[in-house]
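Peer 1: just need the structure, nothing else, for what follows:
(one chain, ligands or ions: 1)
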Amino acid sequence: MTSSASITVDRAAVVAPVHRRLFGAFVEHGGRGVHTGLYEPGHPTATEDGFRGDVLELVRELGVTTVRYPGGNFVSGYRWEDGIGPRERRPRRRELAWHATETNEIGIDEFARWARLAGSEIMLAVNLGTRDILEALDLLEYVNGAPGTTLADRRAANGSPDPYGIRTWCLGNELDGQWQLGYMTADDYGKLAARTAQAMNAAEPGLELIACGSSWTGMATFGEWERVVLEHAYDHVSHISCHAYYFEQDGDLGSFLASSLDMEHFIRTTAATADHVKAKLRKTKTIGISFDEWNVWYQGRPPTESEAPDAARIKAGEWPVAPRQLEDVYSVADAVVVGSLLITLLRNADRVEFANLAQLVNVIAPIMTEPGGPAWRQTTFFPFSLTARLATGVVLAPRIRTGEYDSARGAAPLVDAAVTFDEAAGSAAIFLVNRGMTGSQTVTIDVTSLGLTAVAQALTLHDDDMYAKNTLADQTRVGLTKNDSAAFTDGVVTVELPPVSWTALTLT
Ligand code: AHR
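Peer 2: Okay, here's the model as predicted:
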């Protein structure tokens, strides 16, 4: 069954510029994110630093602009000094967040070299769970200090005379959550974040400092946490974070496909709370949002066949190095959700300035690797890479008329869309999702106001088997296909969207 939707695009309805840093990702020391992910000396494609060349190529193709590092839960137990200097002297430690042995072979200097090769900027997180202001200041001096102080000179002696110039910093990670080492109350965290940010600003004005917001909208403290933290830290920070992971629960595909309704609610509620504090404190500055972790993640699922041996070792009390953990294998439906979350992030670009797909390689990631073997694209790779490449210029707010269906997240529009317009390049991109589980949607898009005349490219992610996946055995089972239905007549684009699909159109 086919039904229809219509969209009107108005070039004057500008939301915000497309922030390049909406296309960030996240690398955490955990599972095989780093070891045999980014880093595998001896791999046939390894660089002289031991980074996997095949992964670097895929990261560049993915179009990742920013990479958050080194955690995540990991950062709350991390001593950054462990990861610098001669490798043979670096400590091996028990890593409590993921129950593994951290070898510290990779630290900030190696990661900065990797990020340069990947063409990505670093968003660095400091440990405010089990450490304090001074360690954050030391790390800041080590990475950004001009030669002439002990810590900056140590960086130079470790091979990097030029400061890294890292501008964007996370003040801890998920400190509202009881799973976090050193978790605390909003009052305690707000004071610590304020004092840490004040000190970091004194060392280096102009940093972008992100306070921890809520770990997800289901936290009992959601809303109140943001208010209390910002009442303490408003003057000292520039952004507050949101984190969210979604998965299909109990076979309720409709509610899963509507995940972006929760993301939208998260963003608008966080923005409203920040604005409440702004009014209350009589401030003029507006706090931005860093959606610094988001993805599909099947939390709590039993270990897969390849994860099982490591899970058993951890259960037996061992501390393996780089165990297989969180190696979710994504389906077409998962990728459609990722595409629709990107649509929501773009449409909220008036407030969301950073966003990081969590994570990057092997651990709930768009890129998978096999030790000594290949690297391949998961289904979720495709909507991310295409959005990162095509979304340029400004974000426009489209007017969408579509049917709805009931979901556990409320009434879910069948069709959702985001539009970007690049006047200088004479092009626009339209990203569309069809959440309908059985029927196609014929969508007409009135783009008269853009003054464009042709559909240059139309690509769709869809499969008759919406649970199809790319795996080691079949690495290219799922990909993008040309959507031949796309047509342009008299300022109106028409396109057919198959059920459970994501589509990107380029207009010129
Ligand atoms: O990305 C996996 C984990 O999810 C991160 O370590 C943590 O911040 C979040 O709970």
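
Peer 1: ok, which stretches of the stretch 101-250 of the chain are strands?
Peer 2: For the stretch 101-250 of the chain, the strands defined by DSSP state E, counting those that start in this stretch cover 121-126, 168-171, 208-211, 239-246.

Peer 1: relative to the ligand, which of those strands is closest?
Peer 2: strand 239-246 (6.0 Å; C-beta to the nearest ligand atom). All C-beta spots, glycine's among them, are computed from the backbone N, C-alpha and C.

Peer 1: quick one: secondary structure of residue 264?
Peer 2: helix (DSSP: H, G, I helix; E, B strand; the rest coil).

Peer 1: just give me the neighbour total for the closest residue to it other than its chain neighbours.
Peer 2: Leaving out its chain neighbours, the residue that sits closest to residue 264 by C-beta to C-beta, 6 or more residues apart in numbering is residue 344, at 5.4 Å. Neighbour count of residue 344, defined by other C-beta atoms under 10 Å: 23.

Peer 1: try residue 44
Peer 2: Residue 44: 11 neighbours (other C-beta under 10 Å).

Peer 1: returning to that earlier point: tabulate the strands of the stretch 101-250 of the chain (CSV), appending mean neighbour count.
Peer 2: Below are the strands of the stretch 101-250 of the chain laid out as CSV (neighbours: other C-beta atoms under 10 Å):
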stretch, mean neighbour count
strand 121-126, 24
strand 168-171, 26
strand 208-211, 25
strand 239-246, 24
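
Peer 1: identify the bridge partners of whichever residue of the stretch 351-500 of the chain sits closest to the ligand.
Peer 2: Residue nearest to the ligand within the stretch 351-500 of the chain (C-beta to the nearest ligand atom): residue 358, separated by 4.3 Å. With DSSP bridges as the criterion, the beta-bridge partners of residue 358 are residue 26.

Peer 1: and the pLDDT for the residue nearest to residue 264?
Peer 2: pLDDT for residue 344: 98.

Peer 1: tell me if I'm right that it and residue 265 touch.
Peer 2: No - Residue 344 lies out of contact with residue 265 (C-beta atoms under 8 Å); the separation is 10.1 Å.

Peer 1: could you save the strands of the stretch 101-250 of the chain as JSON lines and add columns showing mean pLDDT?
Peer 2: JSON lines is the format used below for those (pLDDT from 0 to 100):
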{"stretch": "strand 121-126", "mean pLDDT": "98"}
{"stretch": "strand 168-171", "mean pLDDT": "98"}
{"stretch": "strand 208-211", "mean pLDDT": "98"}
{"stretch": "strand 239-246", "mean pLDDT": "98"}
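
Peer 1: okay, now the domains of the chain?
Peer 2: 2-9+395-507, 19-390 (automatic domain parsing).

Peer 1: most tightly packed of these?
Peer 2: domain 19-390 (a mean of 20; mean count of other C-beta atoms under 10 Å).

Peer 1: distance between the ends of it?
Peer 2: Separation of the first and last residues of domain 19-390 by C-alpha to C-alpha, to the nearest Å is 13 Å.

Peer 1: and for stretch 78-90?
Peer 2: Using C-alpha to C-alpha, the two ends of stretch 78-90 sit 13 Å apart.

Peer 1: any residue of it up close to the ligand?
Peer 2: No - Stretch 78-90 does not reach the ligand (C-beta under 6 Å from any ligand atom); its nearest approach is 11.5 Å.

Peer 1: now this protein against the ligand: closest residue?
Peer 2: residue 72 (3.0 Å).

Peer 1: excluding chain neighbours, what is closest to that residue?
Peer 2: residue 28 (3.6 Å).

Peer 1: so who does that neighbour touch?
Peer 2: By C-beta atoms under 8 Å, 6 or more residues apart in numbering, the contact set of residue 28 is 69-75, 358-359, 363.

Peer 1: now, which of the residues you listed lie within strands?
Peer 2: Counted as lying in strands by DSSP state E, out of the contacts of residue 28, are 69, 358.

Peer 1: which pair in the contacts of residue 28 spans the largest distance?
Peer 2: Across these, the longest distance by C-beta to C-beta is 14.5 Å; it joins 75 and 363.

Peer 1: hmm, residue 379 and residue 332 touching each other?
Peer 2: Yes - with contact defined as C-beta under 8 Å, residue 332 and residue 379 form a contacting pair (5.6 Å).
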